[in-house]
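S.K.: 3D model of this:
(chains A and B)
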Amino acid sequence: MAEAASPSPASRAPYREISARAIALGIVQGIAMTAAFTYAGLKLGFGVGGSTVAAILGLVVLRGLFRDGSIVENNVNQTVASGINTASSGVVFTVPALLLLGLDFDPWMLVIAAVAGSFMGIVVIIPLRKQMVELDRLRFPSGTAVATLLKATASGKEKATLLAIGASASALMVIGMEQGLVPEEWDVGALLGLPPYLGVALYLSLMNLGAGLLSGKGGLPFFLGGVLAWWFLAPVAVNMGWIPAEFASDEMGTVDFLYGTMFRPLGIGILIGGALMGVVLAFPAIKAAIGSLASAVKVQQASGEKVSADELPATVLYVGIALSAVVLTAVVWMLDPSLGPARIVFAGVAGTVWIAVAGLIVAQATGMTDISPLSGLALIAVTLLLGITGAMGSEGGLADATVQSAVVVAVAVGVAVCVATSQCADMMQDLKTGHMVGARPAAQQMVQFGVAWIGPLVAIGTMMILWTTPDGSPGFGPESAACLQGAGDCLSAPQAGALQGMISGVVDGNAPVDKYLAGGILGGAVTLFPVGGLGVLLGLAMYLPFSITLGYGIGCLMSMAMQKVKGARWMEDKVVPLAAGLIVGEALTALVFSIGKAFG
Amino acid sequence: MTALAWILFISGTLLATATGAHDPPMWAPFGGGIALAVVGALLLRRQMAAAGGKSDSEDGIHDLAGLESALQGVTAQTAALAALPEGEAGLRASLEALLLDQLLPLVEARGLLANAHGVEAYAKVFTPLASGERCLNRAWSALADGHPPEAKAQLARAQAHFENAQAGWVKG
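M.R.: Here you go, the predicted model:
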């Protein structure tokens, strides 16, 4: 591998990390991606990550155009860009539900709630970074992939080649799917004559396989959770006659009941119980890790350096949480003063506590599997708030003005939760990237604080512009003129449509609270098992379709076999760049196709 | 005893999952399943702690003494690299060897310490160790970017963090 050149005069200047050009580039990319991803999310129903794109553009601009961009400077660029655009997925899932329900609300209140959530998402990861990146050493597959990308130009020919091979294979797979040459799922079960309720179908995503390859043994419980749900519980439920007759008469009805009524709500409960028990068990380590925030400063003082601190102080955590609670409480009060002081304060504090818990869950889930269960966490937030505001199981239903007002409050807090958890997931991936390239966590967190308000503003602004049409008809949603006519510019907002349905169900008293409770207890119990994060992985496996879990599990098993034969160093040298390529290739190609589809 | 613990945990988890997923949940058998799973998990925890920080893996570090020795090795090698003159030829290759051949086996065997002495003792060693690792990663990036002064400064900081980790070990 080529050694760096001898020190140039420029190398006597401070090593560049936070720079105006990196921040400006990140902001421009972030705003463009937020608007585009909001539009794409309303049209297609799924979000895409922006870190990979930002890192590649950073390589082109900072290292190609300016020629002196550093690795850690490009990391700041991708942190800023992804920190802004991550708000789009949180907003697209929640805010349109209010528009689709036809409720009146002040968009600025939602912007304030979303901005509070965005800041809170950064704040709660201060201790979580210490725990999950440094102590648990979770893999964060996308974060690892971006770090591999940032270092690619200096990592030597072999690693760069493996990265390119992985990216090309993944890109070709996506192109094949888009052209109809390769199916998205391979129904192995149908081939073997197995019943659909066993869920033996493989999601043919090389990104999913790459995430499994990077996670290895640590991700195996996720796969086993899917096995437990679909290969144990499903046959038990079918053979014991637990499927109601109206569903059991149809094979796909059986699958729908198993997944929608049995597995998914139980999985959400297990996620929550598992994450909370994880905090209890890891409390001594978390306490020691927070204490280390102070000792890190002492190390800098001992080494006699005059550099800014690497870690944000724990005070930021406490002040941030308190401020978030105050802002959310104020939003609830401004949206519905008739709730009364006790309920208003309770709603604000409960929303803040739930953001912290949801942040913890999403950080663990993305760290171990790269998957963040945003919709389930937002659903719990909305259910919780509908309960606090007294709208759950209301006799008047959604026609009642009091209930309507409570729904607006619940969705506003849901927006904050969804944006916060998106921010958490993204920030944890960015901090993993930062750890691998040697970035200062405080630098990443400070730039993220500086731009956290931009994403919610752009995402909600874009959405309101798309909703407001000159002729007064709905701008998007299933009832819009474009969707009713089946036109290509139909924005059906499928995720928010799902939330709208869930809200109606909760208001009518149909929330599966018993399943959440059972899942919570079960998640807490299995987390006592001496393998970290078992509850969260088990819950996530029950929450997701088995086709995803299966592909990921195959990656884990392949990784374990290779590690046993070839050892850890070989895995770092060969498998990490290849798996990173699989993630990067699919992310980039899917993004191109998504934008292409969304904009016709 | 280990087999019994596994049987309790697995059977309890299966029972609780099935009866909890039933619509509506079957609370009595669910409670029984939870009790079995909890007892099994706690027994497994106790047995793991009783193993006293030993691993039966065929490669890498097998026990706490090996782990401590590996930590001392990483600290010594970091100090040696930090003492090299700025811009020393081959520094990046030596740094890569330190990261992959010495530090990676150390972190792969990290569970030994947590199993033997608990998560607090583990955090006292591995929090500063992770900070040191990040400094080494920054030194690598700085060398790749042609910035030897930053690399030298980061090596000194990594050394200080690793010494903190060693101090944490004594206390733990």
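
S.K.: Going by C-alpha atoms from here, please, whenever you check contacts or count neighbours.
M.R.: Noted.

S.K.: can you list the residues of the stretch 351-500 of chain A near chain B?
M.R.: By Cα under 8 Å from any Cα of the partner chain, the part of the stretch 351-500 of chain A that sits against chain B consists of A:435, A:436, A:437, A:438, A:439.

S.K.: Return the subset of the residues you listed lying in helices.
M.R.: Secondary structure from DSSP state H places A:435, A:436, A:437 of these in helices.

S.K.: who touches the last one in this structure?
M.R.: When the contact criterion is Cα atoms under 8 Å, 6 or more residues apart in numbering or on different chains, the partners of residue A:437 are A:71, A:72, A:147, A:150, A:151, B:134, B:137, B:138, B:140, B:141.

S.K.: Of the residues you listed, which is the most crowded?
M.R.: residue A:71 (32 neighbours; other Cα atoms under 10 Å in any protein chain shown).

S.K.: I'd guessed that residue sits against residue A:149; true?
M.R.: No. The criterion here is Cα atoms under 8 Å, and residue A:71 misses it with residue A:149 at 9.9 Å.

S.K.: doesn't residue A:228 make contact with residue A:537?
M.R.: No. Taking Cα under 8 Å as the definition, residue A:537 is not a contact partner of residue A:228, at 11.8 Å.

S.K.: more neighbours, the two?
M.R.: Neighbour count, other Cα under 10 Å: between residue A:537 and residue A:228, residue A:537 has more, with 32 against 19.

S.K.: Output stretch A:175-193 in PDB, but only the C-alpha positions, please.
M.R.: The C-alpha trace of stretch A:175-193 is given here as PDB (Å, rounded to 0.1, in the frame of the first residue of the first chain):
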ATOM      1  CA  ILE A 175     -31.600  -3.300 -12.500                       C
ATOM      2  CA  GLY A 176     -32.700  -6.900 -13.100                       C
ATOM      3  CA  MET A 177     -35.600  -6.500 -10.700                       C
ATOM      4  CA  GLU A 178     -36.700  -3.200 -12.300                       C
ATOM      5  CA  GLN A 179     -36.600  -4.700 -15.700                       C
ATOM      6  CA  GLY A 180     -38.600  -7.700 -14.600                       C
ATOM      7  CA  LEU A 181     -35.700 -10.200 -15.200                       C
ATOM      8  CA  VAL A 182     -35.400 -11.100 -11.500                       C
ATOM      9  CA  PRO A 183     -38.300 -11.400  -9.100                       C
ATOM     10  CA  GLU A 184     -38.100  -9.300  -5.900                       C
ATOM     11  CA  GLU A 185     -39.000 -12.500  -3.900                       C
ATOM     12  CA  TRP A 186     -38.200 -16.100  -4.700                       C
ATOM     13  CA  ASP A 187     -41.000 -18.200  -3.400                       C
ATOM     14  CA  VAL A 188     -39.000 -21.200  -2.400                       C
ATOM     15  CA  GLY A 189     -42.000 -22.600  -0.400                       C
ATOM     16  CA  ALA A 190     -44.200 -22.800  -3.500                       C
ATOM     17  CA  LEU A 191     -41.400 -24.600  -5.300                       C
ATOM     18  CA  LEU A 192     -41.200 -27.200  -2.500                       C
ATOM     19  CA  GLY A 193     -45.000 -27.400  -2.100                       C
END
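
S.K.: burial of residue A:134, as a residue count?
M.R.: Neighbour number of residue A:134 under other Cα under 10 Å is 22.

S.K.: Now it. Nearest residue, chain neighbours left out?
M.R.: Nearest non-adjacent residue to residue A:134, counting by Cα to Cα, 6 or more residues apart in numbering or on different chains: residue B:130, 5.4 Å away.

S.K.: Kindly export the helix or strand where residue B:77 lies (C-alpha atoms) in CSV.
M.R.: Using DSSP states H and E, residue B:77 falls within helix B:64-82. Extracted in CSV, the C-alpha atoms of helix B:64-82 (Å, rounded to 0.1, in the frame of the first residue of the first chain):
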residue,chain,number,x,y,z
LEU,B,64,-8.4,-12.9,31.1
ALA,B,65,-4.6,-13.2,31.4
GLY,B,66,-4.4,-13.3,27.6
LEU,B,67,-6.8,-10.4,27.4
GLU,B,68,-4.7,-8.3,29.7
SER,B,69,-1.5,-9.2,28.0
ALA,B,70,-3.1,-8.2,24.6
LEU,B,71,-4.1,-4.8,26.1
GLN,B,72,-0.5,-4.3,27.3
GLY,B,73,0.8,-5.2,23.9
VAL,B,74,-1.5,-2.7,22.2
THR,B,75,-0.5,0.0,24.6
ALA,B,76,3.2,-0.7,24.1
GLN,B,77,3.0,-0.8,20.3
THR,B,78,1.0,2.4,20.2
ALA,B,79,3.7,4.1,22.4
ALA,B,80,6.3,2.8,20.0
LEU,B,81,4.5,4.2,17.0
ALA,B,82,3.9,7.5,18.8
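
S.K.: Mind giving me the packing neighbours of it?
M.R.: Helices and strands touching helix B:64-82, as assessed by 3 or more Cα pairs under 8 Å, 6 or more residues apart in numbering or on different chains; DSSP states H and E, comprise helix B:91-97, helix B:104-108, helix B:148-171.

S.K.: Now for residue A:88: which residues touch it?
M.R.: So residue A:88 contacts A:34, A:35, A:37, A:38, A:41, A:47, A:419, A:455, A:456, A:459 (Cα under 8 Å, 6+ apart).

S.K.: Would you mind listing where chain B has pLDDT under the threshold?
M.R.: Applying pLDDT under 70 to chain B flags the ranges B:52-59, B:170-172.

S.K.: okay but residue A:271 is in contact with residue A:539, surely?
M.R.: Yes. Residue A:271 is within contact range of residue A:539, at 4.6 Å (criterion: Cα under 8 Å).
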